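**Q** pasting the sequence and the predicted coordinates here, then a few questions.
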Amino acid sequence: MAIASFILGSVSLGAWINPMAGIAVSTAGLVLGVLGKGTPHEAFALAGVIMSIIGLITSIAHAAARARLRDRKNFSPDQQQEPADAATIERDVPPIAVNQKEILERLLRELEQK
């Protein structure tokens with residue numbers, strides 16, 4: 001288990017480029033490294049744990065950076081909509097909603113009169 005942890009830790013140092021693979025490989029290496037403590041190859045287990053932690057941190061950081069950049073790319077201040085004027089609203093609102101608006105206005109007027 002200790003040698004497997006060392007190998008997975010080594011792979012995780014390069015697998016951070018694909019965050020899903022990096023997180024999976026790093027987690028497996030970390031688990032095997034912890035299980036490999038107390039074996040004759042304890043140095044390999046320790047090295048595997050250290051490399052797996054580094055790989056896990058870089059994979060998570062890369063995933064977060066990609067998500068942040070994707071959000072920035074999909075939103076720009078130039079795409080904000082201008083407030084619509086009353087003519088645009090009347091044109092775009094379906095007739096049912098206009099009728100509901102009239103009904104609500106009439107109810108509000110009645111409540112104000114009481």
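**A** Great, that's in hand. Residues are numbered from 1 along each chain as shown.
**Q** tell me the SS of Lys37?
**A** coil (DSSP: H, G, I helix; E, B strand; the rest coil).
**Q** residues near the nearest residue to it once chain neighbours are set aside, how many?
**A** Using Cβ to Cβ, 6 or more residues apart in numbering and skipping residues adjacent in sequence, the residue nearest Lys37 is Ala45, 5.3 Å away. In short, each C-beta sits where N, CA and C put it, glycine included. For Ala45, the neighbour count with other Cβ atoms under 10 Å is 25.
**Q** distance of Ala45 relative to Gly22?
**A** Ala45 sits 20 Å away from Gly22, going by Cβ to Cβ, to the nearest Å.
**Q** repeat that for Leu107.
**A** Counting by Cβ to Cβ, the gap from Leu107 to Gly22 is 59 Å.
**Q** give me the next element, helix or strand, following the lowest-mean-pLDDT helix or strand in the chain.
**A** The weakest-scoring helix or strand in the chain, judged by mean pLDDT, DSSP states H and E, is helix 86-92 (a mean of 59). The helix or strand immediately downstream of helix 86-92 is helix 95-113, counting by DSSP states H and E.
**Q** average pLDDT across that next one?
**A** Helix 95-113 shows a mean pLDDT of 75.
**Q** keeping just the C-alphas, turn that helix into PDB.
**A** Presented in PDB, the C-alpha positions along helix 95-113 are these (Å, rounded to 0.1, in the frame of the first residue of the first chain):
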ATOM      1  CA  PRO A  95     -52.700  39.600 -22.300                       C
ATOM      2  CA  ILE A  96     -53.500  37.300 -19.300                       C
ATOM      3  CA  ALA A  97     -50.900  39.100 -17.200                       C
ATOM      4  CA  VAL A  98     -52.200  42.500 -18.200                       C
ATOM      5  CA  ASN A  99     -55.700  41.400 -17.100                       C
ATOM      6  CA  GLN A 100     -54.200  40.200 -13.800                       C
ATOM      7  CA  LYS A 101     -52.600  43.600 -13.500                       C
ATOM      8  CA  GLU A 102     -55.800  45.400 -14.000                       C
ATOM      9  CA  ILE A 103     -57.600  43.100 -11.500                       C
ATOM     10  CA  LEU A 104     -54.900  43.700  -8.900                       C
ATOM     11  CA  GLU A 105     -55.000  47.500  -9.500                       C
ATOM     12  CA  ARG A 106     -58.800  47.500  -9.100                       C
ATOM     13  CA  LEU A 107     -58.600  45.500  -5.800                       C
ATOM     14  CA  LEU A 108     -56.000  47.900  -4.500                       C
ATOM     15  CA  ARG A 109     -58.200  50.800  -5.300                       C
ATOM     16  CA  GLU A 110     -61.100  49.200  -3.500                       C
ATOM     17  CA  LEU A 111     -59.000  48.500  -0.500                       C
ATOM     18  CA  GLU A 112     -57.800  52.100  -0.400                       C
ATOM     19  CA  GLN A 113     -61.300  53.300  -0.400                       C
END
